[in-house]
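after the sequence you'll find the predicted model.
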Amino acid sequence: MVENFGGNLSFHPAHQYSPRTEQEVLDILSRHRGSRIKVIGRLHSWSEAARGDEVLLDLRHFNQVQTEQRPEGVWAVVGAGCQIKLALVELDRQAGVTLPSVGLITEQAIAGAISTGTHGSGRHSMSHSMEEIRLALYDPATGEPVIRTITEGPELRAARCSLGCLGVILSVGFWTRPKYNIEEWISRYPTLDEALASEVDSPLQQFYLMPWAWNYLVQHRKAVDTPRSSLAWLYRIYCFLTFDLGVHLAILFFERILSGSSVIKFFHRHLLQLAVVRGRHVIDNSSDMLVMEHEMFRHIEIEIFVRRAVLPEALSLARELLSHFGGDKNALSETTRTQLAEHDLLSAVEAGAGRFTYNFLVCVRKVLADDTLISMASSDEEPCYALSFISLAKPAERAGFFQFAKCLSDCMVTLFAARPHWGKYNPLTAQQAAEIYPHLPEFQSICKQLDLAQVFRNDWINRVLFNQPEASARASAE
């Protein structure tokens, strides 16, 4: 049995492999010609995209990191199964360089991270920077397993975030950047406008909407050339004990032991804000400062991407929905009720009244426009903001979260053309995907060219990305 990190996805593949060489991968493809083939990374995802019921490949042995000094800079090739945390260490050790951008969590395998659009804050997603992707697939002309390297054009834009639909990613190549330091300090603001205005001085910042207090806590961040602070190690300990460990333990305690919405709301309005040290500037290595140990506690998450132009309205709606699900009968404004009613969303939202008390921070991160076809930040120019909603509830006690997440997604997609993260809980329908991804037809066309037999998919991918129910997908492939 294979189970993901969040505990919301489990399946039993008919065949499982952990190949060590590219030839082994080709042999597996040859042996299982016509079967559905999926690849898993570290399963640090909540999405149905990882499900593989027939043939499942784990490329954990493809963890090499190779760097080469070229006139343009340091070029790196990283194996598909290499965890991001190992890639960071090896890039630094070999050439004193680092990734162009890095996500909040470093447990993922790099192929899984780029295939789902993993991102940090203030830069492009990791997918955007991939300049070379090597795939094992079936030659459309002969049907034989082959290895193909993609380096340009629409195929590269498709491969940069593909959910595994083009073939088995073996390695990725990209230009690195020199190792650098980050200066960080924390502030609290009463309004969103003030939080956003601070981006001028801290372009890599991420900030949090504090539920039930409804103010904003900002982790200001910017790249600097100045040396690491002498007490940076102490700040890292503080961050670990406060954010990585303390907040999670406190929320678990108030949810599972002192359960009750009033207790949770009191914690966020008063206790949590006292634990945050504000205004102290600290400089540390980017590989340490930009990441968290968020994987220490099993949780589930939905993340919604919205354009900068609609961010205020989207956060306002999120606040109303959180309050409504948390039991506030007057949370939904008349304007919101009218909008939801016009799109047949009001009854589903009203049914969730008092069903779910949100107990985590809402993390907000800016992501620059990606040169991809279907990553959440794929765009010609406009940056997005990713809004993360997290629950630490036990897997058997997540009904309220799922009801809230489905309503949140439907409302955000319908009203703001928002995009749920491919690697997190994603309740998109095929109709919604077609409406919010203008380059989806081009992506579908490239998938059909490179995967003629349609074997690098599963039921969820066929349904959402290709609008094909199980029966019609099988018939089309045959």
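Nice, I can see it. Bear in mind the structure is a predicted one, so any value in this text is a computation, not a measurement. Numbering: from 1, shown residues only.

all the strands of the stretch 251-400 of the chain, residue numbers only.
282-285, 300-307, 362-367, 384-391 (DSSP state E, counting those that start in this stretch).

for these, which one sits closest to Leu249?
strand 384-391 (14.5 Å; C-beta to C-beta). (Glycine included, C-beta is placed from N, CA and C.)

what's the closest non-adjacent residue to Asp410?
Excluding the flanking residues, the one nearest Asp410 by C-beta to C-beta, 6 or more residues apart in numbering is Leu345, at 5.9 Å.

how near is the residue most central in space within the chain to Gly103?
What sits nearest the mean C-alpha location of the chain, by C-alpha atoms, centre = their mean, is Thr118, with 4.5 Å. Thr118 sits 4 Å away from Gly103 when distances are taken as C-beta to C-beta, to the nearest Å.

between these two, what contacts are shared?
With contacts taken as C-beta atoms under 8 Å, 6 or more residues apart in numbering, the residues that reach both Thr118 and Gly103 are Met126.

next, count neighbours for the residue nearest to Arg123 when sequence neighbours are not counted.
Closest residue in space to Arg123, ignoring its immediate chain neighbours: Ser101 at 4.1 Å, by C-beta to C-beta, 6+ apart. Counted with other C-beta atoms under 10 Å, the neighbours of Ser101 add up to 23.

shouldn't Ser101 be within a strand?
No. In this structure, Ser101 is coil, not part of a strand, as judged by DSSP: H, G, I helix; E, B strand; the rest coil.

mind listing what it touches?
So Ser101 contacts 119-120, 123-126, 128-129 (C-beta under 8 Å, 6+ apart).

cutoff 6 Å now
If a contact means C-beta atoms under 6 Å, 6 or more residues apart in numbering, then Ser101 has 120, 123-124, 126 as its contacts.

what number of residues lie near Phe297?
So Phe297, with other C-beta under 10 Å, has 15 neighbours.

show the contacting residues for it.
Shown in contact with Phe297 (C-beta under 6 Å, 6+ apart): His248.

tell me where the stretch 1-150 of the chain has helices.
Using DSSP state H, counting those that start in this stretch, the helices of the stretch 1-150 of the chain run over 22-31, 84-95, 110-115.

so can I have JSON lines of those showing distance to Gln444?
JSON lines is the format used below for the helices of the stretch 1-150 of the chain (distance: least, C-beta to C-beta, whole Å):
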{"stretch": "helix 22-31", "distance to Gln444": "22"}
{"stretch": "helix 84-95", "distance to Gln444": "29"}
{"stretch": "helix 110-115", "distance to Gln444": "16"}
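
quick one: closest of those helices to Phe267.
helix 84-95 (31.0 Å).

distance-wise, check the residue lying closest to Asn467 once chain neighbours are set aside relative to Val172.
Once flanking residues are discounted, Asn467 sits nearest to Ala430: 3.8 Å by C-beta to C-beta, 6+ apart. Per C-beta to C-beta, Ala430 is found 29 Å from Val172.
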